[in-house]
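Enquirer: Sequence plus predicted model, see below.
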Amino acid sequence: MTEKEKAAKGLLYDANYNDEIIADRQRAKEILFEYNLLHPNKYEEKRELLKRLLGKTGNEFIFTPPFHCDYGYNIEIGENFYANMNLVILDGAKVTIGDNAFIAPNVGIYTAGHPLDEEQRNQGLEYAYPVTIGNSVWIGAGVNILPGVTIGNNVVIGAGSVVTKDVPDNCMVAGNPATIKKRLK
């Protein structure tokens, strides 16, 4: 089994010393370097770079630079997507974001984690668990979404929250760890 196959299955994989994985991250860095430095008026060039980078996009999407990710090909976004500046997605596993998602500045979506075992950690091993975000989700400034979390539809996540567990449909969550503060329907 390749390291990429291990990552896709949520197993420990070599994220730091495997040539194929390093090459994939390098490709993403090169595309993002170009993307993040393009003049704001180069709208079509920016869209084309992101279409090359990301696994799937809708027709209408905006990422305000800078944007950073590990691989890009594990990220799928729906229609009417907006991400403000400084979005970081560590996409060792699939990150799926539905339609009408709005992401404020300085948000981190993380699929990657590291073993507690010192030897494994020092070998450069990590795991990646998918993150799924539903439709009509608003993620406030400075939010961190941790590995393996699923966020339902029609959810608002308050600024500065750390989302450690799944979030059901139709609610507002906030805090560290994020908890339900209000039902929206």
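Expert: Nice, I can see it.

Enquirer: Buried residues, the longest helix seen in the chain. List them.
Expert: Criterion DSSP state H: the longest helix present in the chain is helix 19-37. Within helix 19-37, the residues scored as buried using 16 or more other C-beta atoms under 10 Å are Ile21, Asp24, Arg25, Ala28, Ile31, Leu32, Tyr35. C-beta coordinates here come from the backbone N, C-alpha and C atoms, glycine included.

Enquirer: center of this protein, which residue is that?
Expert: Using C-alpha atoms, centre = their mean, the residue of the chain that lies closest to the mean C-alpha position is Ile89, 3.2 Å off.

Enquirer: so the residue of the chain positioned farthest from its centre is in which element?
Expert: Within the chain, the residue lying farthest from the chain centre (C-alpha atoms, centre = their mean) is Glu119, at 27.5 Å. Applying DSSP states H and E as the criterion places Glu119 in helix 118-122.

Enquirer: my guess is Ala104 contacts Val137, does it?
Expert: No: look at Ala104 against Val137 with C-beta atoms under 8 Å: they stay out of range, at 11.5 Å.

Enquirer: follow-up on the earlier one: can you give the distance from the following helix or strand past the helix holding Glu119 to the centre of its chain?
Expert: The helix or strand immediately downstream of helix 118-122 is strand 125-128, counting by DSSP H and E. Averaged C-alpha coordinates place strand 125-128 at 15 Å from its chain's average position (C-alpha atoms, centre = their mean, to the nearest Å).
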